[in-house]
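Peer 1: The following block contains a protein sequence and its predicted model.
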Amino acid sequence: MIAVRRAPRRLRIAPYVEFAKRAMAREATYRFDVFTSIASVLVRVYLLKTVWVALYARNAAPKELPLHAIITYSTVALLMGLVMDIDQTRSLHDRLHDGSIATDFMKPIVVPLYFFADGTGEVLFHALLIVPSLLLALFIVHIDVPAPAVLATFFLSFGLGYCVGLFLNFILNCTAFWTLEISAVQMIVTWVSDLLGGELVPLVFFPAALQNVVAALPFAAMFSTPLLIYTGVIPPERWAAALGVQAAWVVLLGALSAALWRAGAKRIVVQGG
Amino acid sequence: MKRARVMWNVYRQYWRINVLTMLEYRANFLMWSVFTVVYHGAALAALWIVLTRFPSMNGWTFRDMAFLYALWMLAHAVHNTFFSTVGDVPEHIREGEFDRLLIRPLDTLFQAIATPGAIFPDELILALLTFAAAAVFAHLRVDTSFLLFVPLIAIGGALIDLAFNLIISTVAFWFVRVDALRWIVVQLEQEFTRYPITIYTRGVRLLLTFVVPFAFMNYYPARFFLHKVHETSVLPAGVGLLTPAIGVLFVAVAYAFWRFGLVRYQGVGH
């Protein structure tokens, strides 16, 4: 057992900015990975375009999402995935696993903020990759650009969706305080959320019964809501309700994250020697 | 003869250790098995959802697409169960463990294949069940030729997988980090085998037929079994039965490349 150090009274931001910068620099060293992730965006954009064109070619198009809208939807989903699919607080799990978390608690920092800062740096670096990926994607597909008000609401909704993903990942990483090994569980959640979040197939295509189930889960708040705002399936009069549901998930998962962290930090067990 | 017996004994020990490892980490193994189910379940569910809204994809209904997927899954599971350890070679090279295999009196590739990991045939069992269900669901006539060819095609498809696994691992003799390359090929295989190749542009169809022949893992054999003879893609439906030959051919090429790399391997300086 290690006593949890009390957080210093006055929080200084500067060290956390530095943590974020270091994480960005670290990500930038994997140059070949950067190259492949951009190349893979190109391949996947080609694939999504081909698949949707084939599906729409011989059948009546669904009225809520015509071909140009579904291609826009899927391409924007792919670009969102570049930052959404990152497990920002993975280092928490890793440090619980190898025991180095013990020394983190001795440092004069707020430990969860350190993990968030590190994750933010990583995410910001990958967010930069969206620009070249988008420019290359435009060689293959045409993306609809909505009115400025829609675009602004989309970014707000994307921000909320990002927070839902962040807290969901943090909760999973926190469970490592108790179980120590969570890779498989994490992969299961990732696969389920990709499908039920509407990243692969828009939720409006799901059979009605399944749509009700999916609406009760937090995954739709991650991908589906921002994407449906972007493509105009959610009209302006329903924006407030949609954003409200997302905000509710952020508050709920944020509170759960805080509770789990407090409980976990109290009973820290370091595996092995 | 004696050599074969030694190899057989080593191989038996290899599976014994795999099973013991699995028994030691039961909870973890169980979670990974659940993940395997979720992984394939999500892929099939996505196909199902799309094909409830659209009646078909280039004439392929959900029944056809599920069979296409199950055929790939079967071949891929055979590969993952028996040959996936070949993919660990780059890591062994990086860690300096590979050099140990070179001084032992058994074939290096055989040793690489028989290096114990946490391998258990859970994916293969799931793939067999899925394949049986998909075959019934697609109303396939199960006769002697079906029962004769399906295992051959699954093995042939697994060999195609093995060939690319081996080629990528061989590249690690020169370039130590090949994770990104492997990731691209794996993604190409998983996503592009999910749909009938007729949806792709001509260049991609040629690529998937002759260069990275993943279309032989499932598309051509599925087209043969589903009697889609009138479809115009690169080759006629009958070539679906050539999968085992294609597998052997590509493994032979990959093995030659492996030998070529092995004699030039100089270690990474441990």
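Peer 2: That came in fine, so what should we check first? Source: prediction; values computed, not measured.

Peer 1: got the residues of the stretch 51-200 of chain B near chain A?
Peer 2: Contacts of the stretch 51-200 of chain B with chain A, taken as CB under 8 Å from any CB of the partner chain, map to B:52-59, B:177, B:179-181, B:183-184, B:187-188, B:191-192, B:195, B:199-200. Where C-beta positions appear, they are placed from N, C-alpha and C, glycine not excepted.

Peer 1: Which ones among those residues lie within helices?
Peer 2: Those of these mapping onto helices are B:52-53, B:179-181, B:183-184, B:187-188, B:191-192, per DSSP state H.

Peer 1: which of these has the most neighbours?
Peer 2: The most crowded member of those, judged by other CB atoms under 10 Å in any protein chain shown, is residue B:192 (22 neighbours).

Peer 1: What are the buried residues along the one helix or strand residue B:148 maps to?
Peer 2: Following DSSP states H and E, one finds residue B:148 within helix B:144-171. Across helix B:144-171, burial judged by 16 or more other CB atoms under 10 Å in any protein chain shown covers B:149-150, B:153-171.

Peer 1: Hmm, residue A:123 and residue A:20 touching each other?
Peer 2: No. Contact criterion CB atoms under 8 Å: residue A:20 and residue A:123 do not qualify, at 9.2 Å.

Peer 1: From the ones in helices among the residues of the stretch 51-200 of chain B next to chain A, which shows the smallest pLDDT?
Peer 2: pLDDT across these is lowest for residue B:180, at 76.

Peer 1: now it, nearest residue through space, not along the chain?
Peer 2: Of all residues not flanking residue B:180 in the chain, residue A:36 sits nearest, at 4.0 Å (CB to CB, 6 or more residues apart in numbering or on different chains).

Peer 1: on that earlier part again, go through the ones in helices among the residues of the stretch 51-200 of chain B next to chain A and say which is closest to residue B:263.
Peer 2: Using CB to CB, residue B:181 comes nearest to residue B:263 of these, at 21.9 Å.

Peer 1: Which residues of chain A lie near chain B?
Peer 2: Of all the residues in chain A, those lying near chain B are A:32-33, A:35-36, A:39-40, A:43-44, A:46-47, A:50-51, A:53-59, A:62, A:181, A:184-185, A:187-188, A:191-192, A:194-195, A:200-201, A:205-207, A:210, going by CB under 8 Å from any CB.

Peer 1: Weed out the non-buried ones from these.
Peer 2: A:36, A:40, A:43-44, A:46-47, A:50-51, A:54-56, A:62, A:184-185, A:187-188, A:191-192, A:194-195, A:200-201, A:205-206.

Peer 1: Give me the mean pLDDT for stretch B:23-32.
Peer 2: So the average pLDDT for stretch B:23-32 ends up being 84.

Peer 1: My error: substitute stretch B:159-166 in the last question.
Peer 2: 95.

Peer 1: Contacts for it next, please.
Peer 2: Under the contact criterion CB atoms under 8 Å, 6 or more residues apart in numbering or on different chains, stretch B:159-166 has outside partners B:75-76, B:79, B:83-84, B:86-87, B:109, B:185, B:189, B:212-214, B:216-217, B:243-244, B:246-248, B:250-251, B:253-255, B:257-258.

Peer 1: Could you rerun that using 6 Å?
Peer 2: Contact with stretch B:159-166 is made by B:79, B:83, B:86-87, B:185, B:213, B:217, B:247, B:250-251, B:254, B:258, as judged by CB atoms under 6 Å, 6 or more residues apart in numbering or on different chains.

Peer 1: Now intersect those residues with the helices, please.
Peer 2: B:79, B:185, B:247, B:250-251, B:254, B:258.

Peer 1: Next, find the distance separating the residue positioned nearest the centre of chain B from residue A:13.
Peer 2: Centroid-nearest residue in chain B: residue B:76, 3.1 Å away (criterion: CA atoms, centre = their mean). Separation of residue B:76 from residue A:13 (CB to CB, to the nearest Å): 49 Å.

Peer 1: Next: residue A:137.
Peer 2: Look at residue A:137 and residue A:13: by CB to CB, they are 36 Å apart.

Peer 1: can you give me the angle the helix holding residue B:148 makes with helix B:179-192?
Peer 2: Orientation of helix B:144-171 against helix B:179-192 (axes from the mean of the first three to the mean of the last three CA atoms, to 10 degrees) gives an angle of 160 degrees.

Peer 1: circling back to that earlier point, out of the ones in helices among the contacts of stretch B:159-166, which one sits closest to chain A?
Peer 2: residue B:185 (10.9 Å; CB to the nearest CB).

Peer 1: Give me the nearest residue to the closest one, chain neighbours excluded.
Peer 2: Using CB to CB, 6+ apart, the nearest residue to residue B:185 is residue B:164, at 5.6 Å.

Peer 1: any idea how far residue A:90 is from the one you found?
Peer 2: Note on residue B:164: its distance to residue A:90, by CB to CB, is 29 Å.

Peer 1: Could I get the full set of strands for the chain?
Peer 2: Just so you know, I chose chain A. Using DSSP state E, no strands are found in chain A.
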